[in-house]
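S.K.: Generate a structure from the sequence data that follows.
(chains A and B)
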Amino acid sequence: MGLKSKDLLGMKQLTPEEIMEILDTAKTMKLVISSANKKTSHLQGKSVVTLFYENSTRTRLSFELASKYMGSASANISATGSSVAKGESLLDTARTIDSMGTDIIIMRHPQSGAPHSIANKLNASIVNAGDGMNEHPTQALLDMLTMYERFDTFEGKNIAICGDVYHSRVVRSNAIGLAKLGAHVSVYGPRTMMPIGIENMGVRVATSVADCVKDADAVMGLRVQLERQKSSLFPSVAEYSKFYAITPEMLALAKPDAFLMHPGPCNHGVELPTAVYDCDQSVINEQVTNGVAVRMAVLYLLMARRNNL
Amino acid sequence: MKTILKNVKIFNSDKTEIYITDGKFSESFDESSADEVIDGKGNMVFPGLVDMHVHLREPGYEYRETIATGTAAAARGGFTAVCSMPNTFPVCDNAAVVQGILKKAQEAGNCRVYPIGAATKDIEDTCLAEIGLMKEAGIVAVSDDGKPIPTAGMMRKVLEYASDFDIPVLNHCEEKSLGEGAMNEGIVSTSIGIRGCSTAAEDIMIARDIILAEYLGVPVHICHVSTKGGVRMIRDAKARGVKVTCETCPHYFTLTDSACENYDTNFKMHPPLRTEEHRLAIIEGIKDGTIDCIVTDHAPHHQDEKEVEFSHANNGIVGLESSFALSYTYLVKTGVIGLDRLMDLMCYNPSKILKLGRGGMAVGDDADLTVMDLDNEFVFEKDKMLTKGRNTPFDGWKLYGETMLTIMGGKKTYEKLC
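M.R.: Okay, here's the model as predicted:
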């Protein structure tokens, strides 16, 4: 048991069996989160450091709680308030953390491939907590756990993802992971936010929000990433919300028991009207709980691999 | 000083010996009067190669490369003449910097260096550089390479003004408003989440420059063509008599953007590696004569500038020591072109475009030559390179065409030991 690789860099590197092992383990871990005594000894004697070069609320906190629930020594370091602000390079920073006996470094970075570029130079396991526009594997895993709790299989399920596909690492990770388990992913967004060649990543490019969500088993909205946009890719929020948002009418086109997801944080009134965010079909808050469970599973399985060696 | 190089095959000649007297090719003389007799061991002699597009980094970036190390690398690659791009610090946009480069090159004595001056002052695109005064000091062309000349208005002024001095203009073609990506825009960039730069960005500026050259009736040279569209437009323009010439680099006919999948920054350069469709179009352009020259765009960087996040890494790779072997292995051994065409691409055409007068092997010509082993495979190793840069994507490649000896002006500038 455990993961094959030292690091979790992306869904690209996981096999379908590894994905299922993470999801099954996460289901067990979820019992810990809901119990009165949130403490296990899975990571006792291990050290976990989160190294974040970008802002984060839920990813960072859920990794930190996940490691603490499992008894590890954990610490945080941010780009601001560390020697990164003095111009220390990523490699030097990572080697410094590595040299302190760290077992797992959880890293978020605005540049795609940043964790890949240091992983094979370190003893510690690297967990990618989001790299630029590339991947965010634990987000995809928590999304998949949320689906897995409602589906008995991913085979043949229709997943609709709408919004800023170009800038989204969440889409890339979900598309790769869901395709590996046999689901059908449809994506849609303004053409200015659709990357060239996305159809070659095993997804269907829809022609409208309606076309995307029709007969979907699960619908996912994406945050419009205003901070990653160097130039205007759509003319106004008013226009975006009219033509590209998931409105109640659009959601009604999905299957009757379909549910709504969003990786958060949400721009209310842009990609989702607040009424949709809060609707009965919304499982957004449960995704957050699953985020902790999935991250517990990932950390545990990375260390289980190490113990097997 | 008299030298005999014997037991060699000679490109385009039936002879087996070369005689050099006081730095020039000479009539034969008796072996007893020679100061040195070199055994060429059956390898093939070519005229000294010419690379019209290299970055020697000096002045200003000596931590990446110096004129001495860059020209030593050139000699190891079989080159006896290179043209240095002006994006140094300070920029080579005035006669004093030109003179400084020529002096350093002469002191090093490894290779002839022909400086290229900046087209605009400080490569800032706001006003013309002193092209006339730089020509007096020794430049052979102008370019803002590394940066395109962004507006059609400024490009027109450069083309017109440079033509007064009969100075060629070389342009790095890339329409920056289409986005400044770190690799080719396509399936791979989408898959690994790196911002792409499109082939359209290159094509649009190539089209612009062809239109200006045609309208003004002046020559223009397109740097490092990497796209199918670029090759097609240049082919069409040449057919209707536009004075356009162009170059490509070995990496554009040996590699594609899929090499970037692991975020290895030794595959990052501008223009970026394209897809297979474009790679094949470059080979077609080489084959049919659309592409005039093979250059290296030799761009040494320090490891600290490459061992960073992909998008932060500097653009460019070193190439002087692998260019001939890659071209010979992937173009000649594969039957795409013959040795005659290879010499056009790597010697005669760049010399002709920049009026360097290189490539002659007749009696009285400067004794510039290189000796290549075309028969034995060798492993290209980055740690054996003489350049300061280690940023090559070709480490460990098995190639044919290893340099055995290079002579420039009768003087040995590289000799493979052992």
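
S.K.: Now do the same contact list for A:R191.
M.R.: A:R191 sits next to no residue when contact means Cβ atoms under 8 Å, 6 or more residues apart in numbering or on different chains. C-betas here are computed from N, CA, C, even on glycine.

S.K.: quick one, phi/psi of it?
M.R.: A:R191 adopts backbone torsions of phi -60, psi -30, taken as degrees, to the nearest 10.

S.K.: cool, A:I176 as well?
M.R.: According to degrees, to the nearest 10, A:I176 has phi -70, psi -50.

S.K.: Excluding covalently adjacent residues, which one is nearest to it?
M.R.: Spatial nearest neighbour of A:I176, chain neighbours left out: A:M11 (4.1 Å); criterion: Cβ to Cβ, 6 or more residues apart in numbering or on different chains.

S.K.: burial of that neighbour, as a residue count?
M.R.: When neighbours are counted by other Cβ atoms under 10 Å in any protein chain shown, A:M11 registers 26.

S.K.: quick one: the closest residue to chain B within the stretch 151-300 of chain A and B:G335, what's the gap?
M.R.: When scored by Cβ to the nearest Cβ, the stretch 151-300 of chain A has A:G197 as its residue closest to chain B, at 3.5 Å. Distance, A:G197 to B:G335, by Cβ to Cβ, to the nearest Å: 32 Å.

S.K.: go on, A:V203?
M.R.: Per Cβ to Cβ, A:V203 is found 41 Å from B:G335.

S.K.: do the same with A:S99
M.R.: Counting by Cβ to Cβ, the separation of A:S99 from B:G335 is 54 Å.

S.K.: do the same with B:E175
M.R.: 36 Å.

S.K.: Name the residue in these two with the higher neighbour count.
M.R.: Using other Cβ under 10 Å as the criterion, B:E175 and B:G335 rank with B:E175 on top: 19 against 8.

S.K.: Settle this for me: the more buried one is touching B:I204, isn't it.
M.R.: Yes: B:E175 lies in contact with B:I204 (Cβ atoms under 8 Å); the separation is 4.4 Å.

S.K.: Identify the contacts common to the two.
M.R.: Joint contacts of B:E175 and B:I204 (Cβ under 8 Å, 6+ apart) do not exist.

S.K.: where does A:D152 land on pLDDT?
M.R.: Predicted confidence (pLDDT) for A:D152: 86.

S.K.: Check A:M1 too.
M.R.: For A:M1, the pLDDT comes out at 71.

S.K.: Correct me if wrong: it contacts A:E21.
M.R.: Yes: using Cβ under 8 Å as the test, A:M1 is close enough to A:E21 to be in contact (6.9 Å).

S.K.: which one of these two has more residues nearby?
M.R.: A:E21 (18 against 10).

S.K.: Can you show me the CA trace of stretch B:240-249 as PDB?
M.R.: In PDB, the C-alpha atoms belonging to stretch B:240-249 read as follows (Å, rounded to 0.1, in the frame of the first residue of the first chain):
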ATOM      1  CA  ARG B 240       8.600  37.100 -56.500                       C
ATOM      2  CA  GLY B 241      12.000  38.600 -56.100                       C
ATOM      3  CA  VAL B 242      11.800  40.100 -52.600                       C
ATOM      4  CA  LYS B 243      15.300  40.400 -51.100                       C
ATOM      5  CA  VAL B 244      14.600  38.300 -48.100                       C
ATOM      6  CA  THR B 245      16.900  35.800 -46.500                       C
ATOM      7  CA  CYS B 246      16.600  33.800 -43.400                       C
ATOM      8  CA  GLU B 247      18.200  31.400 -41.000                       C
ATOM      9  CA  THR B 248      17.100  28.600 -38.600                       C
ATOM     10  CA  CYS B 249      18.800  26.700 -35.800                       C
END
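
S.K.: Which positions in that stretch come out as buried?
M.R.: Judged by neighbour count (16 or more other Cβ atoms under 10 Å in any protein chain shown), stretch B:240-249 contains these buried residues: B:V242, B:K243, B:V244, B:T245, B:C246, B:E247, B:T248, B:C249.

S.K.: what's in contact with that stretch?
M.R.: B:52-53, B:209-210, B:213-214, B:217-226, B:230, B:234, B:237-238, B:282, B:285-286, B:290-297, B:319, B:323, B:349-350, B:353.

S.K.: Show me how to select, in PyMOL, the buried members of those.
M.R.: A single PyMOL command is used to select the members of the contacts of stretch B:240-249 judged buried by 16+ other Cβ under 10 Å:
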select buried, chain B and resi 52+53+209+210+213+214+218+219+220+221+222+223+224+225+226+230+234+237+238+282+285+286+290+291+292+293+294+295+296+297+319+323+349+350+353
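
S.K.: Around chain B, pick out the residues from the stretch 1-150 of chain A.
M.R.: A:89-91, A:109, A:111-114, A:116-117, A:131-135 (Cβ under 8 Å from any Cβ of the partner chain).

S.K.: which one of these has the most neighbours?
M.R.: A:E135 (32 neighbours).

S.K.: so what's residue 256 up against?
M.R.: Went with chain A since none was named. Here A:P256 is in contact with no residues (criterion: Cβ under 8 Å, 6+ apart).

S.K.: hmm, I had chain B in mind actually
M.R.: B:L273, B:R274, B:T275, B:E276, B:H278, B:R279.

S.K.: And the helices in chain A, which stretches?
M.R.: A:16-33, A:58-69, A:90-99, A:114-119, A:137-148, A:169-180, A:209-213, A:237-243, A:248-251, A:274-277, A:284-308 (DSSP state H).

S.K.: will you turn the ones you listed into a markdown table that also has distance to B:V308?
M.R.: Below are those laid out as a markdown table (distance: least, Cβ to Cβ, whole Å):
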| stretch | distance to B:V308 |
| --- | --- |
| helix A:16-33 | 30 |
| helix A:58-69 | 23 |
| helix A:90-99 | 7 |
| helix A:114-119 | 7 |
| helix A:137-148 | 22 |
| helix A:169-180 | 20 |
| helix A:209-213 | 38 |
| helix A:237-243 | 35 |
| helix A:248-251 | 43 |
| helix A:274-277 | 39 |
| helix A:284-308 | 26 |
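
S.K.: In CSV: the ones you listed, plus mean pLDDT.
M.R.: Converted to CSV, the helices of chain A look like this (pLDDT from 0 to 100):
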stretch, mean pLDDT
helix A:16-33, 97
helix A:58-69, 96
helix A:90-99, 95
helix A:114-119, 96
helix A:137-148, 98
helix A:169-180, 96
helix A:209-213, 97
helix A:237-243, 89
helix A:248-251, 96
helix A:274-277, 91
helix A:284-308, 92
